[in-house]
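1. Fold the following, please.
(one chain, ligands or ions: 1)
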Amino acid sequence: MTPLVDISHVTKRYGAIEAVRDISFTLEPGQTVALVGHNGAGKTTLIKLMLGLIRPTEGSVHVLGENPAAGGIEARRRLGYLPESVTFNTALTGREVLAFYARLKSESVDGIRALLDRVGLAKAAERRIGTYSKGMRQRLGLAQALIGRPRLLLLDEPTTGLDPGLRMEFYDIVGELRERGATVVLSSHVLTELEERTERVIIVNRGRLVADGTLDELRRIAELPATVRISVAQGAMDKITNMIGASTSIRLLNGHRVELDATREQKIELLRRAASTGDLIEDMDIIPPSLDELYAHFLRKEAP
Ligand SMILES: Nc1ncnc2c1ncn2[C@@H]1O[C@H](COP(=O)(O)OP(=O)(O)OP(=O)(O)O)[C@@H](O)[C@H]1O
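-> From the prediction side, this is the model:
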């Protein structure tokens with residue numbers, strides 16, 4: 001099957017600056033992908049390459065089987081884009097802005113009401129953008145990106161300026177799109193909120209791709225220890241710390257809870273031993289490394 005996006009050995013230079021260096025990846029239909037990296041890592045450049053707003057200096061970009069920079073209107077209609085800093089003409093109303101973008105995409109304006117409703121702006125449809133809050137503008141930006149049921153949605157720092165409630169609503173909409181088979185690329189710095197909502201993570205650093213995989217794959221590659229938390233029965237702390245052994249340092253959280261870091265082998269050995277302690281262990285949580293920790297790990301590996 002042809003991938004939805006095929007980026008092959010792409011380099012993008014601006015004079016002496018290499019914004020993207022020899023990056024390759026493909027995206028499949030229905031994937032939600034986090035594009036993660038520090039400021040200036042190359043995330044926006046990659047998004048602009050997929051949109052066809054800029055051309056690669058070297059390598060090739062194909063979206064829906066076509067070169068997006070060749071400018072076919074059909075291919076563009078299938079793309080939705082929410083830029084990092086979204087700005088609209090403040091004299092227009094929300095409905096007028098969406099009508100404008102619908103016409104640009106040669107889409108009918110009939111679906112605008114439903115879109116405004118979906119992003120919680122139905123009541124503000126006839127108000128001028130100048131009176132909108134930052135969160136409302138961001139939601140209007142999302143509605144604009146959703147015009148025409150895009151097959152590829154590129155969202156650059158989409159939750160900036162949204163309060164926690166709106167962020168959740170935003171991710172609900174992203175979930176619906178995925179169920180419809182759309183591919184969603186989210187670039188963000190807020191790693192904790194991406195963790196549970198994306199199945200694949202692409203980490204870029206100084207223009208290079210440094211990691212690409214599911215969270216589980218990245219965890220396997222990184223070989224970072226998991227955190228194990230054990231709740232110990234009254235009076236059994238000594239027995240349990242002896243059972244854990246001296247190979248890993250134990251942190252006492254309070255009188256009946258301990259925490260330790262464990263590699264995959266240590267974790268399995270610990271579970272085996274824990275099973276034979278009867279009811280001395282009341283509870284046990286195994287917390288895998290977070291996306292934050294994985295990100296820091298891959299960047300450390302890259303450091304000169
Ligand atoms: N039009 C341009 N002219 C010159 N340099 C550029 C241009 N666009 C981007 N760059 C440079 O390319 C590099 C990558 O920029 P890019 O905007 O892709 O990063 P980013 O990961 O999106 O960063 P941020 O998180 O800050 O938005 C940076 O060093 C940036 O200064």
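2. check contacts around the nearest residue to residue 71 once chain neighbours are set aside.
-> In this structure, residue 71 finds its nearest non-sequential neighbour in residue 52, 6.8 Å apart by C-beta to C-beta, 6 or more residues apart in numbering. (Glycine included, C-beta is placed from N, CA and C.) With C-beta atoms under 8 Å, 6 or more residues apart in numbering as the criterion, the residues that contact residue 52 are 61, 63, 67-71, 75-76.
3. swap the cut-off to 7 Å and go again
-> For residue 52, the contacting residues are 68-69, 71, by C-beta atoms under 7 Å, 6 or more residues apart in numbering.
4. Out of those, the closest to the ligand would be?
-> residue 69 (15.0 Å; C-beta to the nearest ligand atom).
5. number of nearby residues for the closest one?
-> Applying other C-beta atoms under 10 Å, we find 15 residues neighbouring residue 69.
6. Give me the distance between the closest residue to it other than its chain neighbours and the ligand.
-> Excluding the flanking residues, the one nearest residue 69 by C-beta to C-beta, 6+ apart is residue 52, at 4.0 Å. Relative to the ligand, residue 52 is positioned 15 Å away (criterion: C-beta to the nearest ligand atom, to the nearest Å).
7. What residue spans form the domains of the protein?
-> Following the TED database, one gets these domains for the chain: 5-220, 225-288.
8. Write out the residues of the protein neighbouring the ligand.
-> Residues of the chain lying close to the ligand by C-beta under 6 Å from any ligand atom are 14, 17, 19, 37, 39-45, 84.
9. In a markdown table: these, plus secondary structure.
-> Below are those laid out as a markdown table (DSSP: H, G, I helix; E, B strand; the rest coil):
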| residue | secondary structure |
| --- | --- |
| 14 | strand |
| 17 | strand |
| 19 | strand |
| 37 | coil |
| 39 | coil |
| 40 | coil |
| 41 | coil |
| 42 | coil |
| 43 | helix |
| 44 | helix |
| 45 | helix |
| 84 | coil |
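10. Now the two most distant members of these.
-> Maximum pairwise distance among these (C-beta to C-beta): 18.4 Å, between 17 and 84.
11. Settle it for me: which of those two has more neighbours?
-> Taking other C-beta under 10 Å, residue 17 and residue 84 do not tie; residue 84 has more neighbours (14 against 10).
12. before we move on, the earlier item: would TSV of the residues of the chain next to the ligand with distance to residue 232 be doable?
-> Putting the residues of the chain next to the ligand into TSV (distance: C-beta to C-beta, whole Å) gives the following:
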residue	distance to residue 232
14	58
17	56
19	53
37	41
39	44
40	47
41	44
42	48
43	45
44	50
45	52
84	48
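13. which among these end up buried?
-> Buried members of the residues of the chain next to the ligand, counted by 16 or more other C-beta atoms under 10 Å: 19, 37, 41-45.
14. just for the stretch 151-300 of the chain, where's the confidence low?
-> Within the stretch 151-300 of the chain, the stretches with pLDDT under 70 are 246-248.
15. What segments of it are helices?
-> Shown for the stretch 151-300 of the chain, the helices assigned by DSSP state H, counting those that start in this stretch span residues 164-179, 191-195, 215-222, 237-244, 264-275, 291-302.
16. Tell me the spacing between residue 220 and the ligand.
-> 26 Å.
17. Spatially central residue in the chain, please.
-> Per C-alpha atoms, centre = their mean, the C-alpha nearest to the average position across the chain is that of residue 34, at 2.7 Å.
18. That one is in contact with residue 194, isn't it?
-> Yes. Counting by C-beta atoms under 7 Å, residue 194 is a contact partner of residue 34 at 4.3 Å.
19. Identify the contacts common to these two.
-> Common neighbours of residue 34 and residue 194, using C-beta under 7 Å, 6+ apart, are 186, 188.
20. all strands of the protein, in order?
-> With DSSP state E as the criterion, the chain has strands at 5-14, 17-27, 32-36, 58-63, 79-82, 152-156, 183-188, 200-205, 208-213, 226-232, 250-254, 257-262, 281-287.
21. Would you reformat these as a markdown table and include distance to residue 136?
-> Converted to a markdown table, the strands of the chain look like this (distance: least, C-beta to C-beta, whole Å):
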| stretch | distance to residue 136 |
| --- | --- |
| strand 5-14 | 31 |
| strand 17-27 | 30 |
| strand 32-36 | 25 |
| strand 58-63 | 30 |
| strand 79-82 | 14 |
| strand 152-156 | 17 |
| strand 183-188 | 20 |
| strand 200-205 | 30 |
| strand 208-213 | 35 |
| strand 226-232 | 40 |
| strand 250-254 | 43 |
| strand 257-262 | 43 |
| strand 281-287 | 37 |
